[in-house]
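*Asks:* sequence and predicted structure, then a few things I'm wondering about:
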Amino acid sequence: MQGLGKTERGEQGRDIDLTSLRSTMPASGPLQGGSPSNLNMNLYATKKTAAEGMLDIALFLANITHMKTVIEQGAGYRYYAAVLTLISFSLALQIVAGVLIIIIARRDVNEEANQKRLDSLNNTTTVIIFLIFVSNIFISIFGMERTGLFARMHY
């Protein structure tokens with residue numbers, strides 16, 4: 001990156017912008033005698049929310065693949081209706097969580113007016129993610145039949 005500040009050559013030969021690196025990390029932490037207040041909380045919260053969103057996308061795609069497999073097995077599958085219902089419920093909750101994550105990421109946590117609402121939205125998102133977790137446990141418990149190499153060898 002040119003013009004942003006002093007750069008240094010990283011491990012893989014890429015330039016690292018030291019100015020932007022300093023903006024996300026405190027110059028000295030509590031262990032070095034400094035204060036943790038140098039940490040840009042809004043940037044930290046945004047990165048955390050983005051990581052949460054990426055994990056939500058990965059789980060969403062895994063559930064779509066799982067749903068496709070169950071549909072391909074057909075209605076003869078023992079837990080067909082239950083698994084399809086649970087996967088649909090999980091996908092719907094993931095969409096809601098994704099929208100909430102986008103809303104949270106777009107707000108500035110450093111503004112006092114936003115903090116109460118962001119805390120409420122964050123708590124709501126946490127509850128929704130817990131429900132997604134529980135529904136995916138049940139999806140895994142019901143499992144799938146006749147998939148993979150082992151199933152083909154015995155039929």
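*Replies:* Nice, thanks for sending it over.

*Asks:* setting aside sequence neighbours, what's the nearest residue to residue 74?
*Replies:* residue 80 (7.3 Å; C-beta to C-beta, 6 or more residues apart in numbering). No exception for glycine: its C-beta is placed from N, CA and C like everyone else's.

*Asks:* can you give me the strands in the chain?
*Replies:* In the chain, the strands defined using DSSP state E lie at 7-9, 15-17.

*Asks:* any weak-confidence spans in this protein?
*Replies:* 1-39, 144-155 (pLDDT under 70).

*Asks:* could you redo the last one with a cut-off of 90?
*Replies:* For the chain, the stretches with pLDDT under 90 are 1-63, 65-82, 101-116, 118-119, 122, 139-155.

*Asks:* break down it into its helices, ranges please.
*Replies:* With DSSP state H, the ranges of helices along the chain come out as 18-24, 41-73, 80-106, 112-142, 148-153.

*Asks:* would you turn those into a markdown table with mean neighbour count?
*Replies:* As requested, those are arranged in a markdown table below (neighbours: other C-beta atoms under 10 Å):
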| stretch | mean neighbour count |
| --- | --- |
| helix 18-24 | 12 |
| helix 41-73 | 15 |
| helix 80-106 | 17 |
| helix 112-142 | 14 |
| helix 148-153 | 8 |
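
*Asks:* so who does residue 58 touch?
*Replies:* Listed by C-beta atoms under 8 Å, 6 or more residues apart in numbering, the contact set of residue 58 is empty.

*Asks:* hmm, residue 122 is touching residue 104, no?
*Replies:* Yes. Using C-beta atoms under 8 Å, residue 122 makes contact with residue 104 at a distance of 6.2 Å.

*Asks:* from residue 44, how far off is residue 68?
*Replies:* Counting by C-beta to C-beta, to the nearest Å, the gap between residue 68 and residue 44 amounts to 37 Å.
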